[in-house]
Structure formats: C-alpha cells, structure tokens
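[1] using only what follows, build the 3D model:
(2 chains)
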Amino acid sequence: MIRTIVGSDMEVRIKSYDMRETVQEILMLLPAILLLALFIITPFVMSIPLSFTNEKLLPSPVPAKTIGLRNYLQILTDKEFWKALRNVFLFTIMVLPVQCGFALLIAFFLNRQKILKSPLRAIYFLPFVTPMVIVTVIWASIYQYPTGILNALFTAVFRSFTPINWLGETRTALTAIVFLSAWQAYGFQMVVYLAGLQDIPEELYEAASVDGASGWRKFWNVTWPGLTNTNILVITVTTIQALKLFTQVNILTHGGPLGATNTLVHYTYEAGFIAQKIGYASASSILMFLLVLGVVLLQRFFLRRSED
Amino acid sequence: MKKRISVMFLVLLLSCTTAFTAGKGELKEEAISFMYQGIDIHQAAYKDVAEKFTAETGIEVELRYAPHDVYHEQLAGAIAGNDVADIIQLDGPFLSNLAWSGVIVPLEEYIDPAIIADMTASNKAQCTYPIDGEMYAIGHIDSTVLLYANKSYLKKIGARIPKSVEEAWTIEEFEGYLAKLAELPEVQYPLDIMRAYGVKSEWGTYGFYTAFLSNGGGIIDRKTWRANGMLNSPESVEVAEKFQTWAKNGWIVPASAGANLLFNEDRAAAMAWCGNWFWAQAYPTLGDDLVAVPLPDWGKGVKSPNASWIFAISKDANKELAGKFISFMLTDKAFLDVWKSTGDYPGLKSWVSTDPLYGNPEKMLIAAQQADTAIPRPPHPAYPTITSAFMKAYANILDGADVKATLDAAVEEIDQDIDDHDGYPPFGG
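    Residues are numbered from 1 along each chain as shown, chains lettered A, B, ... in the order given. The predicted structure follows:
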C-alpha cells in the first residue's frame, strides 16, 4: 500500500483498510492453520515424549516404561538406519539431476511448440497424476528379471547382454527406483520450469542472436541465469520430496535387497507398524525431522547466497 | 465486502464439517461391523453371506475390507484409533498378541456348539489362548506348506516320489535332486520358494520356520521364551546356511521373476515350496504332471506349519450379535463351498471327510496328512516382533548376509522386546 502523505484523514483511512485486510487474510488462513496444527503439528509434538519410552502400538497390560535415550542410541548404532540415511541421500543426489534435468528438457521442448502445446503438455503431465501404486506395478514389469521389458530391450540391441535383476541386486536396485520416481514425478517440475521459461523476456534472446550467439550459448547465458529463481524452488521442493521416499520402496523392494533401498520413512514404518515399536519409531521420525530441517536450512543458506 | 465475509464463512464451515465427519460413523442399534481380508472370490463370499444374514435377521453387517499384505498394520491402526470392528479376522499366530492386549475376548459361549465340536484338533489349537485355555477365535480353515513338483522333471533325474509323509525325502536327497535338476537344460531354477510373495512378510516366517524345527533348531524356546540359543543355535545356523547356499548357486527363483514359474508356459521351475493354496493355481495347466511332495526331513522328522485366518470378537462389540453372525457364516453351505472351490485346507472334520482334493491320494492327501506333523508358530504376545525379526533376518540371509551375525541381531531384537515387557506376564521369560 502506497503511504503517500496526502492528509492525515486519508492516511488513517488507508491504515485501517490495511488492518482490515490483514485480519481478513488471517481469518482466511485460519482453517488451514488449525487443521495443520491439529493433524500434523500436534501429533508430531506428542511423539516427542513418546520417543523416550518403549511404547507399543497395541494397548498392553504392562505399562510402557520411560527408557531415556535408549531408542535414540539404538537407532544411531543401527547399521540399517545409517544405510537408510545413506540411501536417502544417494537417492536425492541422483534424482535431482535426472528428474529436474528431464523436466527442464521437456519444458524446453514444450515451450517452443505453437500448435500442439496444450495437448502435449497434458500428455507429459500424465505420469504425475497416476497413483504411485500403479506406477510401481508398471515398472515392476519393466524391471522384471529375466524377461522384463528392459531386459528384453537390451538383449535385442546388445547380443552379449545377460539380463540383470534390476530390483534384486544391491548395485542396481536404488538406481532403478531413481528412474521410476523421476518418471512419475517430473510433471510437477516441468510445469514450474515452463512458467519460468516463459518469464524470460524474448528481447534477451533476440539480443543474443544479434550478437551472434549459438543455441548452446543462448541457453547457458540467457536461459540458465533466467531460471535461477525457478531452480531454487525446484531444487528445494524436489529435495524435500526425495527425502520422504517410501511408497515405491514399500511395494517393490521392502527396503531390500540387504537394505539397499531402505529409506528413513520405510525404516520408521517397519519399526512402528510391523514390529509395533511406537516409541522407537517416534524417535526415528524425530531424527528424520531434524535431518530434513537441517538439509532445508542448508539449502536455503547456499541458494540464497547464489541468488544475490 | 459482504461477498468476502460470506466466502470466509463458507470456508470455515466446510473445514469444520470435514473435520467432524472425519470421525467414526454411527452404526444403527442392530448392526455389526466386520473387518476381513481375502482374494476376490472370498471377498464376494463374505458379501453374499452378509446379505443373506441381513435378509434373514434384519441385522445390518458393515463390511470393512483391508488388503492381505497390510492387514495387521491396518488392524493395529484401528486399535490405536479406538475403532475396532465388532468381528475381526486375524492371522492365527497373532491370537496371543491380541488376546494378551485385551483386544479380543473368549467367544465360545456365543458360538453354535455344533461348529466347535466339528473343528479339527489343529484348528482348535490355533484358536486357543494358551494361558487360560479359552477359545478367543474360531475358524473354518487351516493350512500347510509343502513341496510341489513337476513329475516329468523328477522322472528325468530318476527321483523317488514319496507316497506319504513317512516317505518324505531327507535333506541330503532333496539337495541332491536340486543339484541334478539344475543341470537339466529345460529347468532354469530347481526350486521356487515364492520370493515373489515378498519373503519379508509373514510368508517368510510361515513358509520356513519349520525347516529350522525339523533340524532341531527353531525360533524361540517355548519353555523359557528366549530366542537366544534357539534362533542362533548351530542347528538353526545350518538351515539358514543351506538356504543361502541354494540362493547363491542360482537354484532359487528370484523375487522379480514372479510366482508362477512352476506352471507357466516355460515351466522354468522344477519344484515349488508353497502353501496348500498353490495346488488350485498350478493344477489347471500342469494337470497330471503336478505332484504333491511332503516337506523334506532335515533330521528330526518332517515338521510343517499350520494356521490360517480366523475370526474373533472384539472387546467392545455386541457379542451375542457377533456370535450369531459368525455361527451363521460358518454353517452356511454356500459359504463353505467357496473355500472348497479355492482349494483351501479344511479345518472342520465334516469337511475333511468329503473334500475331493484333500482326500485324494493322487492330489493333496499328503497335504492333509501333514496336519499330524504341524507345529504352530510361537503362540506368544511378542509374535509381531518375533515374526518381524525372523522375516528380516531370513530375507537378508537369502541375499547373502553373514548368517550368524544376522541371526544374532534377530535374537537380540526378540529378547529385548520380551524383556521390555517384563516377559509378558504371565508368559514368563
């Protein structure tokens, strides 16, 4: 609101209108804040004291005992937990370039379309609106060993290729999940990149052409810097989503083979719902919260600096 | 301005109503809820018998389906959320856990005594809580796990085909046949242990714990209720190492290859280690080439698993109504016929004697005989932890992990849980 001093009357009217707007904005947000507080923040806060006990999932005649830091110590000395942590980081590092790179590529291609832009965009967005469960079923048959689609393809192209058990071997399982996840979720990043690409003024490209810049130089010197803010958003959002990896792992590999695809959420789920150790699972989820918080804060720090 | 206020109120109203209606629905006076799982044919059977019951008695039956693979997690969620159905199905070995937690109650007095008298001994055992000897559940089906083989492959390697459980293969014979089958060009995998089911699931425990027992090992000592000295005993380590060797040799069907390699077009697997339900799946294509073989004897006699999904009444239910529905369901001929048609294992004496599959020596008589070699999974309230620890260890061992270390870790998880609960009084341990 422009606060030019026209007269004290006008100023008072402007300020009280401001206040009314703010109050209305808060009231509009209130239902969402209440629901968030009730269903997400409150349970999380309640799980903090739980994490110091050996509480079980089902009611029990033997009351739960407070065991101090034992859950945390057990988690931090559990090889499976560190494997899950490592996997989640590896997954994030791998999925960022694959998913965002692919999304940018498609967005770039779509941006240049004139006629078929809308239907093509809808088609490319389809995997994103497909439920993850269905996506995993599709990819299970792609990765099937020994006669799945991928193995058949490689065998047809390379004569000496021996089929690989993509989901059953420790060295390929996580990468297989990366491509599956990237395929499902790239739609969101694609749409964001499309918006970001459209924001770059045409004049910059025209000026670059006048200067004799090649396609690649145009991309590197006009497009890429123009996408800085978009990139920040995309990287932050993709990282947070990647750290939460669960569904694909739960359906396809159950964290195997040998924990090669175990993730923090899956580790917590197994402890809480299968082994029924709610206290232990609460400790695990708190550690995960701290981890994600740390990563996001770090990202903000580094990305804000590059923004200046 | 007015428009803005009315929009705000609308938003508030909508969010309030969604918040409140997210709670549990209210059932009418004469109504019961029923939580269950099962394949489509069984689901349809439950629906049919519920409709019949409502037509006859006027009592509404609210059906709550949960998928088999996440059933107990969903049940735990319902318990934690205080929204347990009146009648809940459960997998037999979880009975002690639910009874000890006070979730289910003894139900003999609410059930038609004719059904109880008709239950086989193994069926009654899976429904009985060992502490007070009361029946906390009731069921009509039981199960077993055995070997299925492609007869022509067995003939090719000159294997002996047992005609009864007494003639079961020794483990040395069994391993010898696996090696010979591996050399047949048509056979890609001598043995399918159904890794496609997800070994890291109840199948992992259910399918293989009796191999440990048959060698003189086991999961947990059933007198002292300690896993140490049992799950990591030399006998148990031996069994685990054998399975690991077979996997390393490439004799076992990998998980992503599927669960039908015994009977699909290629017949790439020569034998399958699977539950009684497998016959109905394999027979249509294999026909007379399919033969049921008892589980191998590792040294201490053939030991087989048992137990299946049974029905219990939850503690806050209207018990008379629930008992009425269960009795109606288990005496309905059409209902029982559905389970006969899917090759399910009889848990009622009247059914055993008339079953065309399990009474037939050319078909599944051996499976029926294995009821005498059945040893139930540990009937203990810590069962969820026990099975979770065992299945994780078994899955990792198949993938090549160090056997002794993995079993030791599982032992620690189980024993710690029992200690945390002061031994689950009065079970002790």
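[2] what's the burial count for the residue in the stretch 1-150 of chain A positioned nearest to chain B?
    When distances are taken as Cβ to the nearest Cβ, the stretch 1-150 of chain A reaches nearest to chain B at residue A:31, 3.7 Å away. The way it works is simple: take the backbone N, C-alpha and C, and place the C-beta from them, glycine included. Here the number of neighbours of residue A:31 (other Cβ atoms under 10 Å in any protein chain shown) works out to 18.
[3] with adjacent residues omitted, what lies nearest to residue A:176?
    residue A:166 (4.5 Å; Cβ to Cβ, 6 or more residues apart in numbering or on different chains).
[4] wait, what's in contact with that neighbour?
    Listed by Cβ atoms under 8 Å, 6 or more residues apart in numbering or on different chains, the contact partners of residue A:166 are A:143, A:145, A:148, A:150, A:151, A:172, A:173, A:176, B:256.
[5] and the residue lying closest to the second one once chain neighbours are set aside, what does it touch?
    Same thing as residue A:145. Leaving aside its chain neighbours, residue A:145 sits nearest to residue A:165 (4.1 Å; criterion: Cβ to Cβ, 6+ apart). Taking Cβ under 8 Å, 6+ apart as the criterion, residue A:165 is in contact with A:145, A:146, A:172, B:254, B:256.
[6] for residue B:115, same thing?
    Shown in contact with residue B:115 (Cβ under 8 Å, 6+ apart): B:138, B:327, B:330, B:331, B:348.
[7] checking my notes, it in a helix, right?
    Yes: under the criterion used here (DSSP: H, G, I helix; E, B strand; the rest coil), residue B:115 sits inside a helix.
[8] host element of residue 300?
    Reading this off chain A. helix A:278-307 (DSSP states H and E).
[9] for that helix, packing partners?
    Applying 3 or more Cβ pairs under 8 Å, 6 or more residues apart in numbering or on different chains; DSSP states H and E, one finds that helix A:278-307 contacts helix A:42-50, helix A:70-76, helix A:228-243, helix A:264-269.
[10] how far is that helix from where the chain is centred?
    Centre-to-centre, helix A:278-307 and its host chain are 13 Å apart (Cα atoms, centre = their mean, to the nearest Å).
[11] can you state the direction angle for that helix and helix A:228-243?
    On the basis of axes from the mean of the first three to the mean of the last three Cα atoms, to 10 degrees, helix A:278-307 is oriented at 160 degrees to helix A:228-243.
[12] mind listing what's buried along helix A:278-307?
    For helix A:278-307, burial by neighbour count (16 or more other Cβ atoms under 10 Å in any protein chain shown) applies to A:278-288, A:292, A:295, A:303.
[13] what residues go with each domain of the chain?
    You didn't pick a chain, so chain A it is. A:1-50, A:69-307 (automatic domain parsing).
[14] wrong chain, I was asking about chain B
    Here the domain parsing of chain B from automatic domain parsing is B:31-143+B:307-355, B:145-305+B:379-420.
[15] can you list the low-confidence ranges for the chain?
    Since no chain was named, I'll use chain A. A:1-15, A:305-308 (pLDDT under 70).
[16] actually chain B
    In chain B, residues with pLDDT under 70: B:1-2, B:15-29, B:429.
[17] all strands of it, in order?
    B:31-36, B:60-65, B:87-91, B:104-105, B:141-142, B:145-150, B:189-192, B:269-275, B:290-293, B:309-314, B:345-346 (DSSP state E).
[18] chain A too?
    Under DSSP E, chain A gives no strands.
[19] returning to that earlier point: now distance to residue A:155 too, for the buried residues of helix A:278-307, in a markdown table please.
    As requested, those are exported to a markdown table (distance: Cβ to Cβ, whole Å):
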| residue | distance to residue A:155 |
| --- | --- |
| A:278 | 48 |
| A:279 | 50 |
| A:280 | 45 |
| A:281 | 43 |
| A:282 | 48 |
| A:283 | 47 |
| A:284 | 42 |
| A:285 | 43 |
| A:286 | 47 |
| A:287 | 44 |
| A:288 | 41 |
| A:292 | 41 |
| A:295 | 40 |
| A:303 | 44 |
